[in-house]
Structures are given as structure tokens and as C-alpha cells.
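> sequence first, predicted model second:
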Amino acid sequence: MIEHHLDLQTADGAMNTFITHPEEGGPHPVVFFYMDAPGKREELHDMARRIATTGYYVVLPNLYYRRSRDFVLDRDDPGSRDVMVGLMNGLSDRMVASDTETMFAHVDADPAADATRVGCVGYCMSGPFSFAMAGMFPERIAAAASMYGVRLFGEKSPAHLAASVKGELYFACAEFDDYAPREMIDGLETHLRAVGANARVEWYPGAHHGFAFPQRDGAYDKPSAERHWERLHALFARNLPR
């Protein structure tokens, strides 16, 4: 496996980014991996590697680069959570779209990447970013997944973009999730059907927000995590054929 830690030059500065892909058999379909609120960290690098080892060129940017290159939540420090909330609230779909344009420029120029086949995935904070990018770049993003994403429907959600999406959408939803309550997900599902989106919304019984993160004490649920991997790999296999 090949790994790079690169600074991608955006309109707002240097976006430190982890990239990983197989050594052989390229060029490889591309997956943009949008981080969750606690920051770009080794736990996410390992998850990116798991995607890459099955034949993908994975790009994992630090979305907080405008204000911090190295923030990672310290769960033992209450002040760290306050910093995280400020960083998270400082992002917008427009900003992530600008960053995604830079990511496209990078993969367009790298012969190891097949930029004609692109998918994306986001967790928690970035579930709606993944959803939004599918609507903002409908000609380029063939598949997008949201894993226990927040603000998927209602005020400040990207749901208004659903009708523009041309790719396939997948939403993994935890049964117990204060950040994505059932009424929000029910509203999303109704809206997706109304606009004719190619989408699947799936509940994960017994699971809590964060169930896919191996280091998330009290939330990680291995059966649910493995189901999410199965669904994610199948989504990409259908839409980003290797």
C-alpha cells in the first residue's frame, strides 16, 4: 500500500490530507473520506486504509485546516470539546465544496487515481457533507454514503440538493442517536422518495451514534460496524467498478 501525507493548496490555505491507495493495479477509483467532528486522526487513517486495500484511492482531508492543522478531541478535557464545537460550527457546505474542488484537481492530476469514478463517505458531522457533495457535484460523484450523519433533513440540511443527485445514496442510521432522531430520518426518507432519489435509508437496531469507530468507548458495536463496511463496499462496487 502507498500512503502520502500531503498539503493540498486550497483557496483558503494548505489542507493537510492523508491519501492511501494500492501499490499495484491502478489507476484506482477514488473515494473522498470526510472526517467526523473529533478530527483527522489515526483511527480514521486506519478506516481509510480498510477502504483502500480493496482497490480504491482514498483521500482524507483535515476539514479544520483553516483554523487548526492538528486538532484531535481529547475526551478527558472538557475544554477540548468546546474547541471541537467551535471548529465544527465554523464549517459549511460551501466551504467543503470548495475543498472538494481542490480534491478533484488533485485526483485529476494523479495517474494513480481514476477520477472518472468517484464516491464519498462521511461520518457524523460529515454525513451531510457527503450528501451535499453528491448534489453539488452530480456529474462527478457516483455514490455517497452518510454514516450516522447529522442535520440530514430540516433547517440547514442539504436535503434541497437531493433532486440534483445523479448517483446512489446510502444512509446508515443508529437506532439510538440524539443527533439524528427518528423524526428527522423519517422526514429525510419521505423527501428522498418524493424527489425520486436513488437512495437507501437503513436503521441499525440497537446501535448508538458512533457505532463504527473502534475507539469509541460505549458506542462501538462490532456487528453494526461490520454491516456498515459491507454496505459501503457494496455501494462502491456497484457504482465505481474496478
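Received it, and whenever you're ready, just let me know what you need. The structure presented is a predicted model; accordingly, all values stated were derived computationally and were not measured.

> mind listing what the closest residue in space to Pro61 that isn't next to it in sequence touches?
The shortest distance from Pro61 to any residue other than its chain neighbours is 4.4 Å, reached at Thr17 (C-beta to C-beta, 6 or more residues apart in numbering). (Each C-beta comes from the backbone N, C-alpha and C, glycine too.) By C-beta atoms under 8 Å, 6 or more residues apart in numbering, the contact list for Thr17 reads 5-8, 59-62, 103.

> now with 10 Å?
4-8, 10, 40, 59-62, 65, 99, 102-103, 106 (C-beta atoms under 10 Å, 6 or more residues apart in numbering).

> most neighbours, which of those residues?
If you count neighbours using other C-beta atoms under 10 Å, the busiest of the contacts of Thr17 is Val59, which has 29 neighbours.

> surely Gly135 is in a helix?
Yes - under DSSP: H, G, I helix; E, B strand; the rest coil, Gly135 sits within a helix.

> about what we covered before: which of the contacts of Thr17 fall in helices?
99, 102-103, 106 (DSSP state H).

> which of those residues lies closest to Ala145?
Closest to Ala145 out of the ones in helices among the contacts of Thr17 is Met103 (16.5 Å), distances taken as C-beta to C-beta.

> Glu43: helix or strand, and which one exactly?
For Glu43, the host element (DSSP states H and E) is helix 42-52.

> tell me the buried residues in that helix?
Of the residues in helix 42-52, 43-45, 47-49, 51-52 count as buried by neighbour count, 16 or more other C-beta atoms under 10 Å.

> between these, which sits nearest Arg193?
Among the buried residues of helix 42-52, Ile51 lies closest to Arg193 (C-beta to C-beta), at 28.8 Å.

> can you name the residues that contact that closest one?
Taking C-beta under 10 Å, 6+ apart as the contact definition, Ile51 lies against 20-21, 31, 33, 57-58, 60, 119, 121, 229, 232-233, 236.

> give me the pLDDT for it.
On pLDDT, Ile51 comes in at 98.

> ok, now how distant is it from Glu3?
Ile51 sits 13 Å away from Glu3, going by C-beta to C-beta, to the nearest Å.

> what residues do the two have in common as contacts?
20-21, 58.

> need those in JSON lines with pLDDT and neighbour count, can you?
JSON lines is the format used below for the shared contacts of Ile51 and Glu3 (pLDDT from 0 to 100; neighbours: other C-beta atoms under 10 Å):
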{"residue": "Thr20", "pLDDT": "98", "neighbour count": "23"}
{"residue": "His21", "pLDDT": "98", "neighbour count": "28"}
{"residue": "Val58", "pLDDT": "98", "neighbour count": "25"}
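
> reformat the residues you listed as TSV; add distance to Trp203.
TSV is the format used below for the shared contacts of Ile51 and Glu3 (distance: C-beta to C-beta, whole Å):
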residue	distance to Trp203
Thr20	31
His21	33
Val58	27
